[in-house]
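K.L.:
Pasting a predicted model and its sequence here:
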Amino acid sequence: MMSITTIVAALSSAAIILITLTHNLKGRSSETLPPNSPPTVPSFIPWAGSLLSFLWDAQTFLHGCRSTYGSVFRLKMVGRHYTVITDADGIMNVMRDPQKVLASPNVTLMEAGGDLELGSIGQAIHDKLAVSVMRIFSPRTIPIISPVLIEQFRTNFRNFASLSDGHSRVMLTHFVGQTMYSSVCMALWGPRFPTETFSEFYLIDSNLLRLLSPMLLPPRKSVHARETIKTLLGEYMAGLGQDEEEYGGMEVPIAIHDLEIPAPVKEGLFLGLMFGLHSNTFRTTTWLMQYLLCDKQLWARLREEVDTAINKHFGSLQKLISAPPHLFGETFFPLLDSALKETMRLSIVAVILRRATVDCDILINEHKSVHIKEGEYVYTHRDRINMSDEYFENAKTFRADRFMNYTEEQPQPMSTFGGGAHICKGREFAIYEMKIFAILCLRLLDFEAERPDGSSAEGYIPEAVYAYPTPVYFPKDLYIYVRPRQDPDIESI
Ligand code: HEM
């Protein structure tokens, strides 16, 4: 029997051939479009349009479209029209949306929670939850969450160190993912939260594209994992408020539980939010750790920076742990701050999607605007900017110190957390979580890293690739041995 991959490959090749054969029809379309409409990429597969080429290799496909049709073009996929924008200024204008004509469909991660069918109340629910998320993850409330978070990080470090015992290797992705997932869930939602659901969460997260794509069969194991995790989230929400201690983030599940919508929809919403909370953060941190673990010199420089900050500026690890989040920035941790920015530059959430609420013209640059019809989608293709030599010298290369002593005149990274009304509501927390995780690893643990075949990981640098719909791709597989740091002057884990 032909596998799904073979079928997709065959269909995709057919689609590419069709597109190539019809190259000379570029821009022709049966619709009547205003003169400043972007050129349309032809597609002759009804409804699916360019989907197969996109799914097969989105990066190559979109780059090919850009070289043929210019920096803004229009695609048809699954019965929808997408105007793809690849210029920095155009993308900024979409995010800022000065005319307030672009809505955030916000489907991608929320739909990971299953069929939500929220209809007309969807936006109101989304806005309500966004307020709770903003409150919980603000710099003022982070110090309330952080003691449990850090205690849980250390518990997980101890577990991994005894599991690895210096002899058994674990995958870096699991070390980072399991530690961040269970620690954040415990810190926000208390010990009753089913943290053992990480394996289900990881399975769904790894298969997100197939789960969300209308053209592919959803993988059975991931569908099952989604049902399991939703049931456990439902049980957790049902028990809320029964004489239990308040944890820093309980406002969110309580708000979801109080909504007048069917239980499976509440569970799906909670799961969707979990993707917003964990997916990008743990993937970005995996990238960061991999960059550090593949370069012994960089690791040593960062360890020195962390030790100096703790010993000289903060006085002790305990004082650093209770410090407010703004002290984790460039003043005391300039290299770590820069390395994280550089990681986020290369592992950016590539796509931000919007939907036009009315017919409108979007400014691409001072000479050009494009027309978008009501109901059509605007798709910003952001990786081209972050990985282009036009904006960053040697853009594809990871340079940990790129953002140290950065000046206003130098090109700035595309705002990793978006911009405008829909800017990421968890960004302060995400940065804090990623930094404190890295600081604790550098201070408390010794790692030995190797490639899948057991050879040394030195120089095994992850390559930045385009990711959709999963926000940030996992880098290459890396295995680690974890041990408590062997230094009598350093506190134990
Ligand atoms: C490295 C980690 C993260 C990255 C790179 C990231 C990135 C983003 C981006 C680019 C957007 C804008 C999407 C758009 O404009 O359509 C966004 C929105 C959002 N993020 Fe994050 N995020 C991260 C972590 C988090 C965390 C920890 C939370 C906490 C729950 C969170 C909650 C949200 C929410 C609620 C929105 C929707 C905002 C709105 O539509 O009003 N994110 N994120």
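P.N.:
Cool, got the structure. Numbers count the residues shown, from 1 in each chain.
K.L.:
Let me see the confidence value for the nearest residue to D477 once chain neighbours are set aside.
P.N.:
Nearest non-adjacent residue to D477, counting by C-beta to C-beta, 6 or more residues apart in numbering: P452, 5.2 Å away. In this view, the C-beta of every residue, glycine as well, is placed from N, C-alpha and C. pLDDT for P452: 92.
K.L.:
and P452, what element?
P.N.:
Applying DSSP states H and E as the criterion places P452 outside every helix and strand.
K.L.:
What are the phi and psi values at it?
P.N.:
phi -50, psi -30 (degrees, to the nearest 10).
K.L.:
Quick check: E448 touching Y481?
P.N.:
Yes: using C-beta atoms under 8 Å, E448 is in contact with Y481, at 4.3 Å.
K.L.:
any idea how far I261 is from A124?
P.N.:
11 Å (C-beta to C-beta, to the nearest Å).
K.L.:
More neighbours: the two, which one.
P.N.:
Taking neighbours as other C-beta atoms under 10 Å, A124 and I261 compare with I261 leading, 15 against 11.
K.L.:
Which residue does this structure have closest to the ligand?
P.N.:
G426 (2.1 Å; C-beta to the nearest ligand atom).
K.L.:
residues in contact with the nearest residue to that residue once chain neighbours are set aside?
P.N.:
Closest residue in space to G426, ignoring its immediate chain neighbours: F137 at 4.5 Å, by C-beta to C-beta, 6+ apart. Residues in contact with F137 (C-beta atoms under 8 Å, 6 or more residues apart in numbering) are 425-430.
K.L.:
Counting neighbours, which of those comes out on top?
P.N.:
F429 (26 neighbours).
K.L.:
element containing it, please.
P.N.:
helix 427-444.
K.L.:
quick revisit: per-residue pLDDT, the residue nearest to G426?
P.N.:
Predicted confidence (pLDDT) for F137: 87.
K.L.:
Next, give phi and psi for it.
P.N.:
phi -100, psi 20.
K.L.:
Check the gap between it and G276 for me.
P.N.:
Applying C-beta to C-beta to F137 and G276 gives a distance of 10 Å.
K.L.:
Now look at stretch 327-339 and say if it contacts the ligand.
P.N.:
No: Stretch 327-339 stays out of contact with the ligand when judged by C-beta under 6 Å from any ligand atom, the minimum separation being 14.0 Å.
K.L.:
Check which residues of that stretch are buried.
P.N.:
Using 16 or more other C-beta atoms under 10 Å as the test for burial, stretch 327-339 gives 328, 332-339.
K.L.:
now stretch 454-463
P.N.:
457, 460, 462.
K.L.:
Next up, the contacts around the last one.
P.N.:
Taking C-beta under 8 Å, 6+ apart as the contact definition, P462 lies against 287, 290-291, 294, 475-476.
K.L.:
pLDDT check: weakest of these?
P.N.:
P475 (69).
K.L.:
Which residue would you name as the spatial centre of the protein?
P.N.:
Residue closest to the mean C-alpha point of the chain, counted by C-alpha atoms, centre = their mean, is N280 at 2.7 Å.
K.L.:
Can you check what angle separates the strand or helix carrying that residue from helix 427-444?
P.N.:
Assigned by DSSP H and E, N280 belongs to helix 263-293. Going by axes from the mean of the first three to the mean of the last three C-alpha atoms, to 10 degrees, helix 263-293 is angled at 40 degrees with respect to helix 427-444.
K.L.:
What residues does the stretch 351-493 of the chain have near the ligand?
P.N.:
Within the stretch 351-493 of the chain, the residues that sit near the ligand (C-beta under 6 Å from any ligand atom) are 352, 416-418, 422, 424-426, 429-430.
K.L.:
contact partners of whichever helix or strand T308 is part of?
P.N.:
Per DSSP H and E: T308 is located in helix 296-308. With contact meaning C-beta under 8 Å, 6+ apart, helix 296-308 is reached by 291-293, 333-336, 339, 400, 438-439, 442-443, 458.
K.L.:
And stretch 313-332, by the same measure?
P.N.:
For stretch 313-332, using C-beta under 8 Å, 6+ apart, the contacting residues are 139, 142-143, 146-147, 150, 309-310, 337-338, 404, 428, 431-432, 435-436, 439, 443, 491.
K.L.:
buried stuff in the helix holding T308?
P.N.:
298-299, 301-303, 305-306.
K.L.:
Check stretch 348-359 too.
P.N.:
348-356.
K.L.:
quick one: which of these is nearest L233?
P.N.:
V349 (24.1 Å; C-beta to C-beta).
K.L.:
so that closest one touches T380, yeah?
P.N.:
No: the criterion here is C-beta under 8 Å, and V349 misses it with T380 at 10.2 Å.
K.L.:
quick one on the thing from earlier: the inter-axis angle of the helix holding F429 versus helix 296-308?
P.N.:
Using the same axes, to 10 degrees: helix 427-444 against helix 296-308 is 100 degrees.
K.L.:
what helices or strands is helix 427-444 leaning on?
P.N.:
helix 142-164, helix 172-189, helix 263-293, helix 296-308, helix 317-321, helix 334-346 (3 or more C-beta pairs under 8 Å, 6 or more residues apart in numbering; DSSP states H and E).
K.L.:
Now find how far off-centre it is within its chain.
P.N.:
16 Å (C-alpha atoms, centre = their mean, to the nearest Å).
K.L.:
Report the buried residues of it.
P.N.:
Counting neighbours by 16+ other C-beta under 10 Å, the buried set in helix 427-444 is 428-444.
K.L.:
quick one on the thing from earlier: tabulate the buried residues of stretch 348-359 in JSON lines, adding columns for secondary structure and pLDDT.
P.N.:
Formatted as JSON lines, the buried residues of stretch 348-359 follow (DSSP: H, G, I helix; E, B strand; the rest coil; pLDDT from 0 to 100):
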{"residue": "I348", "secondary structure": "coil", "pLDDT": "77"}
{"residue": "V349", "secondary structure": "coil", "pLDDT": "73"}
{"residue": "A350", "secondary structure": "coil", "pLDDT": "70"}
{"residue": "V351", "secondary structure": "strand", "pLDDT": "79"}
{"residue": "I352", "secondary structure": "strand", "pLDDT": "85"}
{"residue": "L353", "secondary structure": "strand", "pLDDT": "87"}
{"residue": "R354", "secondary structure": "strand", "pLDDT": "93"}
{"residue": "R355", "secondary structure": "strand", "pLDDT": "92"}
{"residue": "A356", "secondary structure": "strand", "pLDDT": "95"}
